[in-house]
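Colleague: Provide a 3D model corresponding to the input given below.
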Amino acid sequence: MPRPTDADVLAALATALAEAAAAPDLEAALTPLTSVAYTLLGDPEAAARPGMLKESERDYRIAGVFLISPDRRYNMLVANRNFPTEQRRLSVPIEWNHPGEVVRTEAPILLRNTDEEEKFRQFLKTSKMGSTIYFPIHAGPQKNMVGQIVAASQARTTYDETDLARLGLLAAAAALVWEAKDGPAWLAADYPAPDIWRAEENAV
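Modeller: As a prediction, the model looks like this:
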């Protein structure tokens, strides 16, 4: 199966933005964008290459947005694709690991193979991801960082620079959604959610 083309991704993004415009709130509007990250980013053949999956692993992918909580204590998951149900509001301390590095540097990160990265830490309850990408979302009049969009796969070498650039398009779209759906108000009303899953209290 070939990788999606730029035209494929742009067409999917246009559809996602139309769905976002009609969505009732911020999370519902971000979900079409994370769906694009989940379905169209990454090499579809990565899992089939020798050594890219370890024994008992499978071709498993996730995507989502981590928003910076109003108190700046957490990177909080919203609009996720394929995370465990109980981790709907996974909240990672804002300085922890690669999501924390994105907050600190306000720069994207590509990890082709997490086995080669000592700082990589598993937060997903079900499995360790082998390849990940993160891209900051800057929004509002001052273009402050409000969160990051992420995608990950259990198969190593799933993502490359092309995928990171495409994730950047989704981050720019997410910034428009943040502004159109009054992100600050939505986040203030949602946080802390009753089902918040604090990573520091739930070791994986």
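Colleague: mind listing what Asn97 touches?
Modeller: By CB atoms under 8 Å, 6 or more residues apart in numbering, the contact list for Asn97 reads Lys119, Phe120, Arg121, Phe123. In this view, the C-beta of every residue, glycine as well, is placed from N, C-alpha and C.
Colleague: check the gap between the last one and Val204 for me.
Modeller: When you say that, I think you mean Phe123. 6 Å (CB to CB, to the nearest Å).
Colleague: mind checking which of the contacts of Asn97 are buried?
Modeller: Phe120, Arg121, Phe123 (16 or more other CB atoms under 10 Å).
Colleague: who's in contact with the last one?
Modeller: Listed by CB under 8 Å, 6+ apart, the contact set of Phe123 reads Leu90, Val92, Asn97, Ala199, Val204.
Colleague: quick check: closest non-adjacent residue to the fourth one.
Modeller: Take Ala199 and drop its neighbours on the chain: the residue closest to it by CB to CB, 6 or more residues apart in numbering is Val92, 4.6 Å away.
Colleague: in what helix or strand does that neighbour lie?
Modeller: Following DSSP states H and E, the helix or strand that holds Val92 is strand 89-93.
Colleague: packing partners of that strand?
Modeller: On a contact count with 3 or more CB pairs under 8 Å, 6 or more residues apart in numbering; DSSP states H and E, strand 89-93 meets strand 74-81, helix 97-105, strand 196-198.
Colleague: make CSV out of the ones you listed and add distance to Asp6 and mean pLDDT.
Modeller: Shown next, in CSV, are these (distance: least, CB to CB, whole Å; pLDDT from 0 to 100):
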stretch, distance to Asp6, mean pLDDT
strand 74-81, 21, 98
helix 97-105, 24, 98
strand 196-198, 36, 97
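Colleague: give me the buried stretch members for whichever helix in the chain runs longest, please.
Modeller: In the chain, with assignment by DSSP state H, the single longest helix is helix 161-180. By 16+ other CB under 10 Å, the buried positions in helix 161-180 come out as 163-164, 166-167, 169-178.
Colleague: got the angle for that helix vs strand 74-81?
Modeller: For helix 161-180 against strand 74-81, the angle by axes from the mean of the first three to the mean of the last three CA atoms, to 10 degrees is 100 degrees.
Colleague: packed most tightly, which of the helices and strands packed on strand 89-93 would that be?
Modeller: strand 74-81 (a mean of 24; mean count of other CB atoms under 10 Å).
Colleague: secondary structure class for the residue most central in space within the chain?
Modeller: The centroid of the chain falls nearest to Val150 when counting by CA atoms, centre = their mean (2.1 Å). Following DSSP: H, G, I helix; E, B strand; the rest coil, Val150 is assigned to strand.
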